[in-house]
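**Q** Kindly generate the corresponding structure for this input.
(one chain, ligands or ions: 1)
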Amino acid sequence: MAREKLKEEDKRKLNGENFKKLYSIFQYIVPYKSKFLVGLVFLVVGSFLLLAFPLVAGKLIDVAGGDQSWYLTDINQVALALMGILFLQGIISYFRVYLFAQVSENAMADVRTGLYQKLIHLPISFYDKNRTGDLMSRITADISMLQTTFSTTLAEVIRQIVTLAVGLTMIFITTPALSLFMLCVLPVIIFAAMLFGKKIRTLSRKSQDELAVSSTIAEETFQSILAVKSFTNESFEKNRFDGAMGKVITAAIHAAKYRAGFISFIIFALFGAMVAIIWYGAVLLQNGEMSIGDLISFVLYTSFIGGSIAGLGDLFGQIQRAIGASERVLEIQDEESETDSTTTVSTPIKGAIAFDQVSFAYESRQDIQVLNRLSLQIKQGQKVALVGKSGAGKTTIAQLLMRLYNGYEGTIAVDGKEIKEYSLKDLRDSIGMVPQEIILFGGSIRENIAYGNPAASEEEVIAAARKAHAMDFIQSFPEGLDTLVGERGVKLSGGQRQRIAIARTILKNPSILILDEATSSLDAESENLVQQAFNELMKERTTLIIAHRLATIKAVDQIFVLEHGQIAESGTHDSLLSNPNSTYNHLVNLQLVE
Ligand SMILES: Nc1ncnc2c1ncn2[C@@H]1O[C@H](COP(=O)(O)OP(=O)(O)OP(=O)(O)O)[C@@H](O)[C@H]1O
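**A** The predicted structure is shown next:
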């Protein structure tokens, strides 16, 4: 398997606190513990079997040389025993890998589902602070990393530790003098290599950093290529890039000097140590203190030991990275979900709305007081419009009503009861929102309409589509309601998307309606159909229109003009217009000019 290169910033220290994080994720394995334990037993037995291989291989040579002191005295028997060991270890490895895969796949699917469920229950304010790409990588890359850790890395660590412990024990039992000699030579070299390695890593990180700087320069210029060209700054940019490249080369060559030293040192020292050890083995052999078979066992065991020391270094790197990944997963699990009142109401929400002295600032932008002691009342069934300059806080009012954000001061009541006392489901079920920008899910038109009420029957879906004046265009597609929309489906026009969103909301049948009007206007025919669909939708529902185009709101019962976080004026279109100094009048004039 190709391993991704370890990024230094992704690594964490191997200390108790960090292991606890990994352990928290490891808890997901508990439901599959019996399979995990069997896999673990297979792993240890398999490792022991493999470690018997050098011993028996050594015996093969000794038996060939006439040694009769072992249980098996015939080379054919010994060779068969060797094959038997390999065969058995093959079967055990198969089941070990298979079991660990089952455990880790299931456990990590649980982590993923848990994380996904947690994420969709987090408040919108969380999404304001985190980028989608980052959340995606937690659910995909980070958990894949953890999966590798629990399926392969953990098994490898155990296998290598067993190999190291058993390998060392075996060589000390069979060839103590030679092992002791090796132990005096090798650690010195390993220590020197580690020091060297650390220095080289620091230096190559520096050259990578320099490379990153040069990439940023390139990226910036490509993105602003228009500016570069219109200012004829090509040569300026080239010089900037040249300068950055110069730094890359200096840093890379500096690192290369150390790497060259390291390589020649390793070749000399490692092979030198090998010569020394083999020389000492030859001396022991000559003096009759050791058999050829023992020497072969020793060489095989030391190659096993060497392999596991090298392997462990890499594995610890992986674990350090896995800790980073578990940290990012746990971070989300520690986030606070939307707070909810557990009491559900028995009487349906009718739709009278009252904001009383409501003040609010977004958590991520505390310095801007979006609403400032705002009060407004909307009677049940009334149609009202909110107008105001862009950024005045119209959408914010709607979002607060749906409790998409908490942390406001004052009270917001529906049917005379503070919204925090409703369960989120009751409250949001009773509010239908048709947003400005309608994004349909990938799937059929039917599924997109039924999103408003997944339990709706075919007839109800069709009736809703009719009321939303969407059926005509739906029927014009060969596949009708089964037509696929979204990224891989047909592209619908803005007006068509709006009518689907309206049909969806008709199916939801809320008592309160929020229409966030699209800023861009549709062509006259489409506009007319959408308006008719809206009229159908608004029937007998309390309706709050977030109006951008004032022409569409002449008929509402009341208009609230929002300014400086407060309701500056309210009244009907005609009454507001009759006052020449009103902000409303000013807004209308502005739009007329546009
Ligand atoms: N999620 C958010 N985080 C931080 N600030 C926000 C957020 N959403 C809106 N704001 C800020 O709050 C203010 C009010 O925004 P809001 O979207 O309610 O205005 P609006 O009246 O609906 O504007 P528009 O007519 O352009 O849609 C703006 O200054 C905006 O920048």
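**Q** List the contacts of Ile305.
**A** Contacts for Ile305 were tallied using CB atoms under 8 Å, 6 or more residues apart in numbering; they are 163-164, 167-168, 171. Every C-beta, even on glycine, is put in place using the N, C-alpha and C of the backbone.
**Q** Give the residue spans of the stretch 351-500 of the chain that score low on pLDDT.
**A** Along the stretch 351-500 of the chain, the parts satisfying pLDDT under 70 run over 488-489.
**Q** The ligand contacts on that one?
**A** Taking CB under 6 Å from any ligand atom as the contact definition, the stretch 351-500 of the chain meets the ligand at 362, 364-365, 368, 370, 388, 390-396.
**Q** for the stretch 1-150 of the chain, same thing?
**A** Selection of the stretch 1-150 of the chain residues close to the ligand by CB under 6 Å from any ligand atom yields Asp128.
**Q** that older thread, out of the contacts of Ile305, which end up buried?
**A** The neighbour-count criterion (16 or more other CB atoms under 10 Å) marks 163-164, 167-168, 171 among the contacts of Ile305 as buried.
**Q** Narrow those residues to those in helices?
**A** Under the assignment DSSP state H, the buried ones among the contacts of Ile305 contribute 163-164, 167-168, 171 to helices.
**Q** For Gly246, state which of those is nearest.
**A** Gly246 has its nearest neighbour among these in Leu164, at 45.8 Å by CB to CB.
**Q** Domain ranges for the protein, per the record?
**A** Domain ranges of the chain: 12-175+312-336, 176-289, 353-593, per automatic domain parsing.
**Q** which residues sit against stretch 181-196?
**A** For stretch 181-196, using CB under 8 Å, 6+ apart, the contacting residues are 171, 258, 261-262, 265-266, 269-270, 273, 276-277, 280, 302, 309.
**Q** ugh, wrong one, I meant stretch 490-503
**A** 434-435, 438, 440, 445, 448-449, 452, 461, 464-465, 467-470, 473, 477, 483-485, 518, 520, 522-523, 526-527, 529-530, 533-534, 536-537.
**Q** What about those residues, which are in helices?
**A** Counted as lying in helices by DSSP H, out of the contacts of stretch 490-503, are 445, 448-449, 461, 464-465, 467, 473, 526-527, 529-530, 533-534, 536-537.
**Q** of the residues of the stretch 351-500 of the chain next to the ligand, buried ones?
**A** For those, a burial check counting by 16+ other CB under 10 Å picks out 362, 370, 388, 392-396.
**Q** Filter those residues down to just the ones in strands.
**A** Gly388 (DSSP state E).
**Q** what about the residue nearest to Val56 when sequence neighbours are not counted, how many neighbours?
**A** The shortest distance from Val56 to any non-neighbouring residue, by CB to CB, 6 or more residues apart in numbering, is to Leu82 (5.3 Å). Residues near Leu82, counting by other CB atoms under 10 Å, number 16.
**Q** before we move on, the earlier item: is it possible to mark the buried ones in the contacts of stretch 490-503?
**A** Using 16+ other CB under 10 Å as the burial test, the contacts of stretch 490-503 include 434-435, 438, 440, 445, 448-449, 452, 461, 464-465, 467-470, 473, 477, 483-485, 518, 522, 526, 529-530, 533-534, 536-537 as buried.
**Q** Would you tell me which of the domains of the chain gets closest to Ile296?
**A** Of all the domains of the chain, domain 12-175+312-336 sits nearest to Ile296, with 4.7 Å by CB to CB.
**Q** Can you measure across the closest one, start residue to end residue?
**A** End-to-end distance of domain 12-175+312-336 (CA to CA, to the nearest Å): 25 Å.
**Q** what is the mean pLDDT for that domain?
**A** The average pLDDT within domain 12-175+312-336 is 88.
**Q** distance between that domain and the chain's centre?
**A** The chain centroid and the centroid of domain 12-175+312-336 are separated by 23 Å under CA atoms, centre = their mean, to the nearest Å.
**Q** what does stretch 557-567 give?
**A** Distance, centroid of stretch 557-567 to centroid of chain: 41 Å (CA atoms, centre = their mean).
**Q** With stretch 286-305 instead?
**A** Offset of stretch 286-305 from its chain centre (CA atoms, centre = their mean): 51 Å.
**Q** Apart from its chain neighbours, what residue comes closest to His254?
**A** In space, His254 is closest to Leu203, 5.9 Å off (CB to CB, 6+ apart).
**Q** Thr163 now?
**A** Leaving aside its sequence neighbours, Thr163 sits nearest to Ser308 (CB to CB, 6+ apart; 4.4 Å).
**Q** got the contact list for Lys508?
**A** So Lys508 contacts 429, 432, 452-453 (CB under 8 Å, 6+ apart).
**Q** and the gap between the residue positioned nearest the centre of the chain and Leu99?
**A** Centrality entry for the chain: nearest residue to the mean C-alpha point is Arg138, 2.1 Å, by CA atoms, centre = their mean. With distances taken as CB to CB, to the nearest Å, Arg138 is found 27 Å from Leu99.
**Q** quick one, phi psi at the residue nearest to the centre of the chain?
**A** Backbone torsions of Arg138, given as degrees, to the nearest 10, read phi -70, psi -40.
**Q** burial count for Lys420?
**A** Residues within reach of Lys420, counting by other CB under 10 Å, total 16.
**Q** which one's the longest helix in the chain?
**A** Assigned via DSSP H, the chain shows its longest helix as helix 234-286.
**Q** helices or strands next to that helix in the packing?
**A** Helices and strands touching helix 234-286, by 3 or more CB pairs under 8 Å, 6 or more residues apart in numbering; DSSP states H and E, are helix 176-223, helix 292-333.
**Q** starting at the chain centroid, how far to that helix?
**A** 37 Å.
**Q** could I have stretch 252-262 exported to PDB, CA atoms only?
**A** Extracted in PDB, the C-alpha atoms of stretch 252-262 (Å, rounded to 0.1, in the frame of the first residue of the first chain):
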ATOM      1  CA  ALA A 252      17.700  22.300  -0.800                       C
ATOM      2  CA  ILE A 253      21.400  22.200  -1.400                       C
ATOM      3  CA  HIS A 254      22.100  22.900   2.300                       C
ATOM      4  CA  ALA A 255      19.900  19.900   3.100                       C
ATOM      5  CA  ALA A 256      21.500  17.800   0.400                       C
ATOM      6  CA  LYS A 257      25.000  18.300   2.000                       C
ATOM      7  CA  TYR A 258      23.800  16.700   5.200                       C
ATOM      8  CA  ARG A 259      22.000  14.000   3.300                       C
ATOM      9  CA  ALA A 260      25.100  13.100   1.300                       C
ATOM     10  CA  GLY A 261      27.100  12.900   4.600                       C
ATOM     11  CA  PHE A 262      24.400  10.800   6.100                       C
END
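**Q** Please spell out which residues along that stretch are buried.
**A** Neighbour-count burial for stretch 252-262, counted by 16+ other CB under 10 Å, picks out 252, 255, 258-259, 262.
**Q** ditto for stretch 572-591
**A** By neighbour count on 16+ other CB under 10 Å, the buried set for stretch 572-591 is 573, 576-577, 582-585, 587-588.
**Q** of all these, which two lie farthest apart?
**A** With distances taken as CB to CB, the most widely separated pair in those is His573 and Thr583, at 13.6 Å.
**Q** gap between the residue nearest to the centre of the chain and Gly317?
**A** 21 Å.
**Q** Can you name the residue of the stretch 201-350 of the chain nearest the ligand?
**A** Residue nearest to the ligand within the stretch 201-350 of the chain: Glu338 (15.3 Å; CB to the nearest ligand atom).
**Q** So that residue sits against Leu122, correct?
**A** Yes - counting by CB atoms under 8 Å, Glu338 touches Leu122, with 7.1 Å between them.
**Q** Over to Gly486: give its phi and psi.
**A** With angles defined as degrees, to the nearest 10, Gly486 sits at phi 90, psi -170.
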